[in-house]
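[1] Structure, please.
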Amino acid sequence: MILTQEFRENWSLSSKICFRFLFLFFISFLVLTFSSWFIEPFLAWVGREILNIEGELSVVSTGSSDRTLNYVILFIQVVLSIFGTALWSVLDSKRSSYNKLFYWFIVVLRIFLVITMIIYGMVKVFKLQFPEASLIRLLEPLGDMSPMGLAWTYMGFSEGFNAFGGLMEVIGGVLLIPRRTQTLGAFIVMGIMIQVVMMNLFYDIPVKLFSMHLVGMATVIFITDTSRFINVFISNKPTSEYHYFNPIKNKTYHKLVFWGKGIFLVILIGFFTARGFTAERTFRDKRNKPPLYGIWEVYGYIENNDTIPPLLTHTSRWRYLVIDKENYADIKRINDSVERFTMDIDTSKLRLGLHRNAPGDMDLNFNYLEHGKDTLWLQGLLEGNHLNVRLKRKDHTQFELLNRGFHWINEYPRNR
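    This is a model prediction of the structure:
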C-alpha cells in the first residue's frame, strides 16, 4: 500500500509524495474554509488579480458552498498542494518517514468527518434538512420547480427515508471514532457521500465541492487498509491483524482518550437530539399551525368596488391565499405568480394584517370573518386598493401526493 497506518521505518518515495500532497490539500481546505471570514481580502485579491474574476467574491453565507469564492479557495488548495509538495520534497528529501505526522493527519480527518456526518445525519433523522412540501409548493406546477427544489420535495416527502439516510450517516460517523472500526466507517461514509455527490451534481445542488471533499477524506482513511479489504472481499484470501501505529504509549492518556470519545459522542448526539426535537416542533413539520392555516381558494374578488372575474388578463386578481407558517402568507395570483407577505392575526378582534414589511411593523389592515371552518371573508385595504375577497378552504389532504399512503400489494403501478 502507498499509505498505511502501520509503522514503517522507511517510506517509499511515492508514499512520501502522496502523503505530502494529501496533507497540504486537505489541511489547506480546512484552514482556508474556517478562516475565510478573516482572510476575505486576500481571497478576493487572488480572485480578481490572478484569476481575473469580475463577479461577486464574498464570504457572506448564501446557503451555497459552490460560490465563486469557494472555487478561489479550491484554486489556492491545488496550487499550494502542487508547489508545496515539490518544495517540501526538495527541502525534506532525507526524511525516511512521516509516521507521527500521518497519524495526526488521520486523527484530524476522522474528527472532522465524525462531527460532519453526525450533524448531517441528525438533521435528517429529525427531518430538518428536508421538510415536507409546503402548501404553496403543492400548488406549484412540476415544470416550475428547480432541479434542487424537485430534489428537496422528493426527499421531504418521506419521514422514514429521511430517518434511514440520516441513521446511515450517523452510523458511518460513529464507526469512525474507534480505530478498529474506522475502515468500515470510512467505507460507509464513502458510499453515502458518493450518492450525495451524485445528487448534488445531477440536481444542481450547490454543495458539490464540500461533499466531494468529504468523499476524499473518507477515501484517504479507507485506502490505508485496502490490502485487507481486497483480501477478504475480492481475492478470498486470509488476512492478518492490523497494527495501528500510535506515537503515544502512555496508558493513562489512552484511557482518557477512550472516555473522552465516549463523553464527546454522548454530548454531540444528545445536543443534536435535543435541538432536533425542539426545532422539528418549532418551525418544521411538527410545528403548531397558525390560525386560518390552509389553502384558501378565491371564489369572489372585488377590487375598488369592481367585481374582477377569474380571467388571465386580470393579473392582480388573487387565485389562492395560502397560510402555512406563522407570520407569513402567500398570495398566488390568477397568472400563477406568487408573492409573499408578512402576516399578523388578531383572533380576538378578527383582524388580519398583510404587508411586505417585517412582522410587528404593520397595522391590521383586513377584517376577516369565518363562516364555518371552510369559508372565509376578507375586507380591507392592501397597497392602496380596497379589497373584498371571498374564499373557500381547499382540502390539501386530498392531493394524491399526501393521501396515497403505503401499500404492500399493488395490482398495477400507481405512476401518475
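[2] When you work out contacts or count neighbours from here on, use the C-alpha atoms and nothing else.
    Fine.
[3] Show me the helices in the stretch 51-200 of the chain, by range?
    Per DSSP state H, counting those that start in this stretch, the stretch 51-200 of the chain carries helices over the ranges 68-91, 99-125, 135-138, 147-157, 159-175, 182-202.
[4] Tell me the secondary structure at the nearest residue to Thr239 once chain neighbours are set aside.
    What sits nearest to Thr239 in space, not counting adjacent residues and going by CA to CA, 6 or more residues apart in numbering, is Arg228, at 5.8 Å. Local secondary structure at Arg228 is given as helix here, using DSSP: H, G, I helix; E, B strand; the rest coil.
[5] Tell me, how many residues neighbour Arg228?
    17 (other CA atoms under 10 Å).
[6] now Lys100
    Residues near Lys100, counting by other CA under 10 Å: 14.
[7] which residue packs closest to it, ignoring adjacent ones?
    Nearest to Lys100 is Pro247, by CA to CA, 6+ apart, at 6.1 Å.
[8] Mind checking what secondary structure that neighbour has?
    coil.
[9] next one: phi and psi at it?
    Per-residue torsions, Pro247: phi -70, psi -10 (degrees, to the nearest 10).
[10] so how far is Phe19 from it?
    18 Å (CA to CA, to the nearest Å).
[11] Between these two, which has more neighbouring residues?
    Phe19 (20 against 12).
[12] In contact with the more buried one, which residues?
    Residues in contact with Phe19, defined by CA atoms under 8 Å, 6 or more residues apart in numbering, are 3, 102.
[13] Same question for the one 10 residues further on.
    If a contact means CA under 8 Å, 6+ apart, then Phe29 has 73-74, 77 as its contacts.
[14] Would you mind writing the ChimeraX command to select the buried ones in those?
    With 16 or more other CA atoms under 10 Å as the burial test, the buried ones among these are selected in ChimeraX as follows:
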select :73,74,77
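[15] dump the residue contacts of Ile234.
    By CA under 8 Å, 6+ apart, Ile234 lies in contact with nothing.
[16] Give the other helices and strands that the lengthiest helix in the chain contacts.
    Longest helix of the chain, by residue count under DSSP state H: helix 251-282. In terms of contacts (3 or more CA pairs under 8 Å, 6 or more residues apart in numbering; DSSP states H and E), helix 251-282 is packed against helix 99-125.
[17] The helix it packs on versus helix 251-282: what angle between them?
    Comparing the axes of helix 99-125 and helix 251-282 via axes from the mean of the first three to the mean of the last three CA atoms, to 10 degrees yields an angle of 20 degrees.
[18] Now do the buried residues in helix 99-125.
    Those would be 99, 102-103, 105-110, 113-125, for helix 99-125 by 16+ other CA under 10 Å.
[19] now the closest residue to Thr183 other than its chain neighbours: how far from Leu3?
    Closest residue to Thr183 apart from its sequence neighbours, by CA to CA, 6+ apart: Phe222 at 5.3 Å. Per CA to CA, Phe222 is found 10 Å from Leu3.
[20] Which residue lies nearest the spatial centre of this protein?
    Gln129 (5.6 Å; CA atoms, centre = their mean).
[21] residues touching the spatially closest residue to that one that is not a sequence neighbour, list them.
    Excluding the flanking residues, the one nearest Gln129 by CA to CA, 6+ apart is Val123, at 5.5 Å. The contact partners of Val123, taken as CA under 8 Å, 6+ apart, are 129, 166, 276.
[22] Of those residues, which is the nearest to Trp45?
    Closest approach to Trp45 among the contacts of Val123 (CA to CA): Gln129, at 34.2 Å.
[23] Quick check, pLDDT for that closest one.
    For Gln129, the pLDDT comes out at 94.
[24] Equivalent analysis for the one 5 residues further on, please.
    Predicted confidence (pLDDT) at Ser134: the value is 93.
[25] Enumerate every residue touching it.
    Contacts of Ser134 by CA under 8 Å, 6+ apart are Asp324.
[26] that older thread, ok, of the contacts of Phe29, which one's closest to Ser316?
    Among those, and counting by CA to CA, the member closest to Ser316 is Ile73, at 46.1 Å.
[27] just checking, that closest one touches Val31?
    No: using CA atoms under 8 Å, Ile73 is not in contact with Val31, being 10.2 Å away.
[28] How is Asp386 assigned, secondary-structure-wise?
    For the record, residue 386 is His, not Asp. strand.
[29] Run through the bridge partners of it.
    In this entry, His386 is beta-bridged to Leu381, by DSSP bridges.
[30] now it: how far from Val114?
    Using CA to CA, one obtains 57 Å as the distance from His386 to Val114.
[31] cool, Ser58 as well?
    Ser58 is 28 Å from Val114, where distance means CA to CA.
[32] on that earlier part again, nearest to Arg404, of the contacts of Val123?
    Using CA to CA, Gln129 is the member of those that lies nearest Arg404, at 23.4 Å.
[33] residues contacting Ile118?
    Ile118 is in contact with 169-170, 173-174, 269, counting by CA under 8 Å, 6+ apart.
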